[in-house]
Each structure stands twice: as C-alpha cells, then as structure tokens.
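[1] sequence-free structure coming up:
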C-alpha cells in the first residue's frame, strides 16, 4: 500500500556561499558557522607558524588539502582533477566554489582540521523543475 505523505517544511537558517551557472547553490548552516570560523582561525595560525614547503605536496584526485585562495588565505579543499602540476582543479569544501591552481598553492591538510573534526560545510542544493536555457550563439 502506497501512502501519500504530506510535505512538511523544515526551515533552517543558512548562508548562501556560491551559485553556479547551472543554478545549483551551496549553503553553510548558520548553526555551525562559529565552529567553521574557529577552525579557519586555528588553521591559519597553524599554517602561519609552520608554512608548507613549496612543492612539498603532490596532489591526487580525491585528496583533501588546503589551498591558497586569491585573498592570500588558506582554505580546506578537495582535489577534483590533476591536469598537470600547474593545473590542479580544486573544490573548496566549506564554500562550494571551484578553482584551478598550480600545485605550489596547495598543501597537505593538517589532521587537526580534517573533515572528521568538522565535516565539509558547503551543502549543494538545486531548484526542482527549473532548466537553465542553453546559450545559443548566433554566428
């Protein structure tokens, strides 16, 4: 017997951190925001006290690491693809944005800041029943 279940709303305060071209979006849970801020503060202090040696990290697909963003700060990331030492595709696990960086801007993720300590904070969502129009170039 198939029962119809009534939909119930489960509201949660979130920060939208990234919106993709395909209208997927990433959010952070407001409730764990303070934990993430503390983790990032401690990570930056750790990296500041023990800077990674340039070229000491060999990225591999699927690895968690830290990546130096354009703002000069380090963030937790996951390696998505390694094209070459100068082209490593990464995903910032706490924010949802992606970037291609040289391996020299990546370093090993210290165990004290792993996803076991604090899970990845960016959660992906997308709108139901919405299709993004394809860009049709007239040429």
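    That came through, no problem. Since the structure is predicted, the reported quantities are computational estimates derived from the model, not experimental observations.
[2] List the contacts of residue 99.
    Contacts here follow Cβ atoms under 8 Å, 6 or more residues apart in numbering; on that basis residue 99 touches 67, 69, 89, 90, 92. The way it works is simple: take the backbone N, C-alpha and C, and place the C-beta from them, glycine included.
[3] Same list (those) but as TSV, adding pLDDT and secondary structure.
    Conversion of these to TSV gives the following (pLDDT from 0 to 100; DSSP: H, G, I helix; E, B strand; the rest coil):
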residue	pLDDT	secondary structure
67	96	strand
69	95	coil
89	98	strand
90	98	strand
92	97	strand
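[4] Which of those residues sits closest to residue 23?
    Ranked by distance to residue 23 (Cβ to Cβ), those are led by residue 92 at 19.0 Å.
[5] Tell me the bridge partners for that closest one.
    Following DSSP bridges, residue 92 is listed with bridge partners residue 77.
[6] Any idea how many residues pack against it?
    Neighbour count for residue 92, taken as other Cβ atoms under 10 Å: 21.
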